[in-house]
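In: mind looking at a prediction? Sequence and model below.
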Amino acid sequence: WDQMDAGTQTDASSFGQDLGDNSLFRSYLPRSENKRDFPALGTTLLNRYDQSEVLACKDRSIHFRVSVLDGLSGIGQDDVQLAVDAGSGPFRITSHESAQSLSPGAQTINWDVANTDQAPVNCSQVDISLLTFDVAKTSYSETPLLSQTANDGNASVTLPDVLSNTARFKIQCSNNIFYDISDADLSVTGSVAATTNQHKVFYNEEGKFYTLTSSAPACEGSSGSSSGSGGGGGIVSTPKSGGGGGQIGLLELIGLLLLLLVHSLLPVYPTKLRAGSARR
């Protein structure tokens, strides 16, 4: 996946900022997976913010090109355009913000809808799943818990009878590409060892990282602030846990998930404004 927006050139002072037309996501060497998280899932799991993979925080379009190589000199390509709405987001899980132990059975999950159920995003339903990671967080499995439930900020799910010390909840829009992952590792005290080998966790080993308590780059020329309710186009954020104003909580940004199945799509997704992940 390669972002095709050249736009305004950045320098040492503006690198990692959304200037409205510049490229926000670096390219990587080809991998076998048919999807990509923006930013890398490993960055999100480490509670970091990577200046080389920055979620948009302005009204804008983002253009990607996906290339598939067969290893025999054959190549196929397709283009995808995304529309970003600065008046929506950040979509984020507000429960399970700290490490805790959970028993199999009923659990209530809360999240901030942040105008994502309204036009132009129009995400009326979400899917909720449980991610179970291996100890080193190099791979994980995903177990669906609830599909196409109302995007109203609250849902009851049933945890399976699995045993895991590194589990997270994930909520993704049912008909769009953005999602959020809960902030901390959860221990599920079931009786059957959870599977962890469905998917690989990708880490950007060459990223320019900031930790959870570091100040995030501001949006160039934007004003206002985000209270998590979709107002304003600024990047001033209120972290979910600790820290002062204007810092970014790395796991709190929306995510984007883009698959090879998409073709010339034009979904509208909410702005970054908080740290999170995205998939393509």
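Out: Here it is on my side, so go on.
In: mind listing what's buried along stretch 1-9?
Out: Going by neighbour count (16 or more other Cβ atoms under 10 Å), the buried part of stretch 1-9 is 1, 3, 5. For glycine as for every other residue, the C-beta is placed from the backbone atoms N, C-alpha and C.
In: bridge partners for residue 108, pull those for me.
Out: residue 156 (DSSP bridges).
In: follow-up on the earlier one: between the buried residues of stretch 1-9, which is nearest residue 25?
Out: Distance to residue 25, by Cβ to Cβ, is smallest for residue 3 among those, at 4.8 Å.
In: returning to what we had before: reformat the buried residues of stretch 1-9 as TSV; add secondary structure, distance to residue 59 and pLDDT.
Out: Formatted as TSV, the buried residues of stretch 1-9 follow (DSSP: H, G, I helix; E, B strand; the rest coil; distance: Cβ to Cβ, whole Å; pLDDT from 0 to 100):
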residue	secondary structure	distance to residue 59	pLDDT
1	coil	22	91
3	strand	17	95
5	coil	14	95
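In: and residue 44, what element?
Out: helix 41-45 (DSSP states H and E).
In: can you show me the CA trace of that helix as PDB?
Out: Only the C-alpha atoms of helix 41-45 are listed here, as PDB (Å, rounded to 0.1, in the frame of the first residue of the first chain):
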ATOM      1  CA  LEU A  41      -0.700  -2.400  14.800                       C
ATOM      2  CA  GLY A  42       2.500  -2.800  16.700                       C
ATOM      3  CA  THR A  43       2.700   1.000  17.200                       C
ATOM      4  CA  THR A  44      -0.700   1.000  18.700                       C
ATOM      5  CA  LEU A  45       0.000  -1.900  21.000                       C
END
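In: could you give the mean pLDDT of that helix?
Out: If you average the pLDDT over helix 41-45, you get 90.
In: and after it, which helix or strand comes next?
Out: strand 49-50.
In: pairing partners for that following strand, with directions?
Out: Sheet partners assigned to strand 49-50 using DSSP bridges are listed as strand 209-210 (antiparallel).
In: least trustworthy helix or strand in this structure by mean pLDDT?
Out: strand 255-259 (a mean of 55; mean pLDDT, DSSP states H and E).
In: residue 201 touches residue 140, doesn't it?
Out: Yes. Counting by Cβ atoms under 8 Å, residue 201 touches residue 140, with 6.2 Å between them.
In: circling back: and the helix holding residue 44, what's buried?
Out: So for helix 41-45, counting by 16+ other Cβ under 10 Å, buried means 41, 42, 43, 44, 45.
In: again with stretch 116-131
Out: Going by 16+ other Cβ under 10 Å, stretch 116-131 has these buried residues: 116, 117, 121, 123, 126, 127, 128, 129, 130, 131.
In: residue 201 and residue 140: which is more packed in?
Out: More crowded of residue 201 and residue 140, by other Cβ atoms under 10 Å: residue 140, with 23 against 19.
In: ok but the more buried one is inside a helix, no?
Out: No. The assignment for residue 140 (DSSP: H, G, I helix; E, B strand; the rest coil) gives strand, which keeps it out of a helix.
In: for it, report the pLDDT, please.
Out: 97.
In: residues in contact with it?
Out: Going by Cβ atoms under 8 Å, 6 or more residues apart in numbering, residue 140 touches 131, 132, 133, 134, 196, 198, 199, 201.
In: ChimeraX command for the buried members of these?
Out: Here is the ChimeraX command that selects the buried residues among the contacts of residue 140 (16+ other Cβ under 10 Å):
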select :131,132,133,134,196,201
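In: which of the contacts of residue 140 fall in helices?
Out: The helices, defined by DSSP state H, take in nothing from the contacts of residue 140.
In: Serialize the contacts of residue 140 to TSV and add fields for pLDDT and distance to residue 54.
Out: TSV is the format used below for the contacts of residue 140 (pLDDT from 0 to 100; distance: Cβ to Cβ, whole Å):
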residue	pLDDT	distance to residue 54
131	98	23
132	98	29
133	98	25
134	98	28
196	98	29
198	94	28
199	94	24
201	95	20
